[in-house]
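J.: From the sequence below, what's the structure:
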Amino acid sequence: MTVVTQFITSDGTDSGDLIEIKRVYPQDGKIIQNSQTDVSGIDTTNSVTTDFCAQQKEVFGDTDSFSAKGGLQKMGNDVAEGVVLVLSIWDDYSQGMRWLDAEAYPADADPSKPGIARGTCAVDSGEPSEVESQHGSASVTFSAIKFGAIGST
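T.: Residues are numbered from 1 along each chain as shown. Take a look at the predicted model:
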């Protein structure tokens, strides 16, 4: 599986202000675009922008700590200063990964509300002790990691 993450700037250069993050999936000579959002109150998009982040936080009733910490502008500045890529495989003893793909998260919330239904996994699935005992030899390989101008990798 190939995943390409593009950091798009206001002027198309490496030094412009970060205004959008896109993800595409090259496969068999074709580019598969990220899926479009389909949530009432959030503009249809397949990328991360300042407007998308603010709308998502408002619709889901979450604290907008991303904007409070400087949003895409700050993230772009940080990347320009130098950051470290970290990839991992992990589990979550606090939430059992249910925040990512449960039928409802939190488990007692109304799944008809935006952001509550997150996937098809049962709300009691993903207990780390069970996952570790049943899949203790699970592994992941990250390879062919590239960095460069958009379209160069």
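J.: Now do the contacts for residue 28.
T.: Contact analysis of residue 28 by CB atoms under 8 Å, 6 or more residues apart in numbering lists nothing. Every C-beta, even on glycine, is put in place using the N, C-alpha and C of the backbone.
J.: Now do it, the pLDDT please.
T.: pLDDT for residue 28: 95.
J.: quick one, phi/psi of it?
T.: Dihedral pair for residue 28: phi 50, psi 40, per degrees, to the nearest 10.
J.: ok, now how distant is it from residue 151?
T.: 18 Å (CB to CB, to the nearest Å).
J.: buried residues in the helix or strand containing residue 5?
T.: Element membership of residue 5, judged by DSSP states H and E, is strand 4-9. Burial within strand 4-9, assessed by neighbour count using 16 or more other CB atoms under 10 Å, is assigned to 7, 8, 9.
J.: Would you convert these into a markdown table that also reports distance to residue 44 and pLDDT?
T.: Shown next, in a markdown table, are these (distance: CB to CB, whole Å; pLDDT from 0 to 100):
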| residue | distance to residue 44 | pLDDT |
| --- | --- | --- |
| 7 | 21 | 94 |
| 8 | 18 | 95 |
| 9 | 23 | 95 |
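J.: what's the weakest-modelled helix or strand in the chain?
T.: One helix or strand of the chain scores below all others by mean pLDDT, DSSP states H and E: helix 98-101, with a mean of 83.
J.: For residue 24, which residues are in contact?
T.: Contacts of residue 24 by CB under 8 Å, 6+ apart are 4, 6, 31, 32, 33, 34.
J.: Tell me the secondary structure at the residue of the chain positioned farthest from its centre.
T.: The centre of the chain is farthest from one residue, residue 133, which by CA atoms, centre = their mean lies 27.6 Å away. Under DSSP: H, G, I helix; E, B strand; the rest coil, the three-state class of residue 133 is helix.
J.: Would you check how far apart it and residue 123 are?
T.: Distance from residue 133 to residue 123, by CB to CB: 20 Å.
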